[in-house]
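Asker: I would like to see how this sequence folds:
(one chain, ligands or ions: 1)
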Amino acid sequence: MFDVVIIGAGASGLVSAIVSARRGKKVLIVEKNNKVGKKLLATGNGKCNITNQRPTLDRFYSDNPKFIAQVFEDYNYQTIKQFFKTIGLELIEAKEGKVFPMSLQASSVVELLVCECEQLGVKILCETEVESIIKKSNKYELIHTQGKVKTEKLVIATGHCSAPQLGGVDMGLTFAKKLGHSIIDSFPTLVQLTSASKNLKRMAGVKVESKVSLELNNKTIEKQGDVLFTTYGISGLAILDISRFVMEVLLEKKNIMLTIDLMPKMSRGQLLALMKKSLIKKSSKPLKVWMQGFINKKLILPILEPLKLQNKTIGSITSNIKELEKIVDGIKAFKFTVNGSKGYKGAEVATGGVNTKEINPKTMESKLHKGVYFTGEVLDVDGDRGGFNLHFAWVCGLRAGEAL
Ligand SMILES: Cc1cc2nc3c(=O)[nH]c(=O)nc-3n(C[C@H](O)[C@H](O)[C@H](O)COP(=O)(O)OP(=O)(O)OC[C@H]3O[C@@H](n4cnc5c(N)ncnc54)[C@H](O)[C@@H]3O)c2cc1C
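Answerer: Numbers count the residues shown, from 1 in each chain. Have a look, this model is predicted:
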């Protein structure tokens with residue numbers, strides 16, 4: 001008989017197992033995948049952006065932001081750093097507050113977590129999927145693919161349906177619903193965006209440091225970083241970062257136009273002056289060739305065609321400087337319409353989840369069922385890219401582990 005059964009050997013499940021086992025509990029983790037921490041192994045491109053030094057509330061999203069503030073009270077970056085020290089994992093700090101394991105290997109995070117579980121006698125049952133949970137008086141019976149197990153304390157650490165190829169499923173939400181919890185709708189986030197632009201094929205493969213902006217509720221959202229044009233649409237770090245806001249708009253609209261500054265390091269005035277200097281009076285040099293001196297060739301026609309300048313020469317531009325200003329605007333405010341995303345398969349995270357108004361933020365225990373705890377992505381909380389999603393998962397794991 002186990003004191004605690006945890007469904008899911010991912011980030012939050014492993015931490016709650018360790019913390020409760022250290023307090024003397026007999027713990028079983030049931031994991032449907034053939035190995036532990038499959039999603040964790042893929043984090044940060046295999047380096048695991050494990051947390052962030054500045055997990056401020058504006059980096060997280062939920063229908064109930066107060067819950068996040070309460071969860072994080074007294075649990076900050078140092079708390080996480082200290083926890084990982086106790087399992088022998090040193091962390092290093094990088095730019096933008098991002099934090100990685102010193103080894104720069106996600107596998108070291110998983111191996112040290114698993115080793116700690118083993119040392120504490122936590123039993124991990126892989127290739128075992130929990131199919132249903134039945135409440136019997138004050139106990140919960142879990143029916144799984146290898147049999148069944150009864151427990152008084154149950155942690156639902158099942159994650160969400162992002163990255164199904166790494167085992168992402170929304171079974172935790174099904175369990176929560178059956179237990180009477182309400183669910184906040186989900187959509188994929190930190191995800192690549194699709195487009196029906198006729199320029200896709202000719203721009204595909206171009207990667208540029210850009211600033212992407214979007215008008216949302218009379219506010220301009222801006223994200224800077226790599227943008228990669230692809231045959232399906234657009235990707236890159238700036239796109240992943242802005243995708244949550246885009247997806248919010250796409251819940252109601254079919255399309256949304258992004259404005260992309262393809263040269264964010266230069267002001268409009270600087271670029272105009274630079275281009276003006278290189279114009280040659282009366283030259284018959286085609287504009288589309290001349291522009292290769294400034295920008296990737298594959299972007300030139302998509303910039304010039306909407307301005308109807310694709311067949312002009314630089315000689316003609318010299319006599320009509322307004323046209324040069326339009327070209328500069330085409331570079332500094334390139335319009336690109338998106339119509340969807342690559343879905344959960346392309347997403348790092350799913351928004352929405354179990355309604356946090358029904359969860360105690362200090363213990364992660366359900367307010368509806370004593371002895372049932374929810375941790376990590378299964379809850380209606382998601383964060384920006386940069387270590388914030390794992391930060392939330394670790395804090396939940398610590399809180400639940402201590403409460404158990
Ligand atoms: C490609 C990729 C890269 C990412 N990179 C980062 C990053 O660098 N930094 C960051 O902060 N976040 C990153 N994330 C997000 C982060 O991985 C998740 O937010 C985090 O893992 C969520 O932790 P969790 O404990 O809620 O669930 P998970 O870690 O997803 O674990 C849930 C576990 O439950 C198991 N499970 C589900 N249902 C059942 C069932 N019925 N029976 C048995 N087992 C079950 C699953 O198989 C899984 O192993 C990334 C995500 C992806 C997909």
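
Asker: distance check, residue 378 against the ligand.
Answerer: Residue 378 sits at a distance of 6 Å from the ligand (criterion: CB to the nearest ligand atom, to the nearest Å). Where you see a C-beta, it was placed from the backbone N, CA and C, and this is true even at glycine.

Asker: which pLDDT does the model give that residue?
Answerer: For residue 378, the pLDDT comes out at 98.

Asker: which ones are touching the nearest residue to residue 334 once chain neighbours are set aside?
Answerer: Nearest residue to residue 334 in three dimensions, chain neighbours excluded: residue 260, at 4.5 Å (CB to CB, 6 or more residues apart in numbering). Contact analysis of residue 260 by CB atoms under 8 Å, 6 or more residues apart in numbering lists 210-213, 227, 333-336.

Asker: mind checking how far residue 260 is from residue 206?
Answerer: 11 Å (CB to CB, to the nearest Å).

Asker: using CSV, write down the CA coordinates of stretch 128-139.
Answerer: Taking Å, rounded to 0.1, in the frame of the first residue of the first chain, the C-alpha atoms of stretch 128-139 are listed here in CSV:
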residue,chain,number,x,y,z
THR,A,128,1.5,2.0,-17.3
GLU,A,129,-1.4,4.3,-18.2
VAL,A,130,-4.0,5.3,-15.7
GLU,A,131,-7.3,4.9,-17.4
SER,A,132,-9.8,5.9,-14.7
ILE,A,133,-10.1,7.1,-11.1
ILE,A,134,-12.9,5.9,-8.9
LYS,A,135,-13.6,7.5,-5.5
LYS,A,136,-14.5,5.0,-2.8
SER,A,137,-15.3,6.8,0.5
ASN,A,138,-12.1,8.5,1.4
LYS,A,139,-9.9,6.5,-1.0
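
Asker: residues in contact with the lowest-mean-pLDDT helix or strand in the chain?
Answerer: Least confident element among the helices and strands of the chain, by mean pLDDT, DSSP states H and E: helix 314-318 (a mean of 87). Residues from elsewhere that reach helix 314-318 (CB under 8 Å, 6+ apart): 279-287, 290, 309, 323-324, 327.

Asker: of these, buried ones?
Answerer: Listed as buried from these are 279, 287, 290, 309, 323-324, 327; burial here means 16 or more other CB atoms under 10 Å.

Asker: okay if I get those as TSV plus pLDDT, distance to the ligand and secondary structure?
Answerer: TSV is the format used below for the buried ones among the contacts of helix 314-318 (pLDDT from 0 to 100; distance: CB to the nearest ligand atom, whole Å; DSSP: H, G, I helix; E, B strand; the rest coil):
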residue	pLDDT	distance to the ligand	secondary structure
279	85	46	coil
287	94	42	helix
290	95	42	helix
309	94	41	coil
323	93	44	helix
324	94	43	helix
327	97	38	helix
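
Asker: now for those: which two are most distant?
Answerer: 279 and 309 (13.5 Å; CB to CB).

Asker: not counting residues beside it along the chain, what's closest to residue 121?
Answerer: residue 21 (6.6 Å).

Asker: got a list of what the one you found touches?
Answerer: 27, 117, 120-122.

Asker: so what does it have for phi and psi?
Answerer: Main-chain dihedrals, residue 21, degrees, to the nearest 10: phi -70, psi -40.

Asker: burial of the residue of the chain found nearest the ligand, as a residue count?
Answerer: Relative to the ligand, the nearest point of the chain is residue 10 (1.7 Å; CB to the nearest ligand atom). For residue 10, the neighbour count with other CB atoms under 10 Å is 32.

Asker: show me what contacts it?
Answerer: Residue 10 neighbours (CB under 8 Å, 6+ apart): 37-40, 157-159, 376, 393.

Asker: what do you get for residue 247?
Answerer: Here residue 247 is in contact with 187-189, 191, 341, 351 (CB under 8 Å, 6+ apart).

Asker: who wins for neighbours among these?
Answerer: In terms of neighbours by other CB under 10 Å, those top out with residue 189 at 28 neighbours.

Asker: hmm, it is touching residue 244, no?
Answerer: Yes. Contact criterion CB atoms under 8 Å: residue 189 and residue 244 qualify, at 4.3 Å.

Asker: and for the two, which residues touch both?
Answerer: 351, 382.

Asker: mind listing what the residue of the chain most remote from its centre touches?
Answerer: Within the chain, residue 282 marks the point farthest from the mean C-alpha position, 51.9 Å out by CA atoms, centre = their mean. Contact analysis of residue 282 by CB under 8 Å, 6+ apart lists 315, 318.

Asker: also the one 5 residues further on?
Answerer: Taking CB under 8 Å, 6+ apart as the criterion, residue 287 is in contact with 304, 309-310, 312-314, 317, 327.

Asker: try 7 Å
Answerer: 304, 309, 312-314, 317 (CB atoms under 7 Å, 6 or more residues apart in numbering).

Asker: will you turn those into TSV that also has distance to residue 17?
Answerer: Supplementary listing: those in TSV, determined by distance: CB to CB, whole Å:
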residue	distance to residue 17
304	59
309	63
312	67
313	70
314	67
317	67
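
Asker: and residue 184, backbone torsions?
Answerer: According to degrees, to the nearest 10, residue 184 has phi -90, psi 130.

Asker: tell me the contacts of it?
Answerer: Taking CB under 7 Å, 6+ apart as the definition, contacts of residue 184 comprise 63, 352-353, 355, 380.

Asker: quick one, phi/psi of residue 115?
Answerer: Note on residue 115: its backbone torsions stand at phi -60, psi -40 [degrees, to the nearest 10].

Asker: for burial, what's the neighbour tally of it?
Answerer: 12.

Asker: relative to residue 12, how far out is the residue nearest to it when sequence neighbours are not counted?
Answerer: When the adjacent residues along the chain are set aside, residue 115 lies closest to residue 87, with 7.6 Å between them (CB to CB, 6+ apart). According to CB to CB, residue 87 stands 15 Å off from residue 12.

Asker: these two - which one has more neighbours?
Answerer: Set side by side, residue 87 and residue 12 show more neighbours around residue 12, with 33 against 18, by other CB under 10 Å.

Asker: give the contact list for residue 305.
Answerer: Neighbours of residue 305 in contact, by CB under 7 Å, 6+ apart: none.
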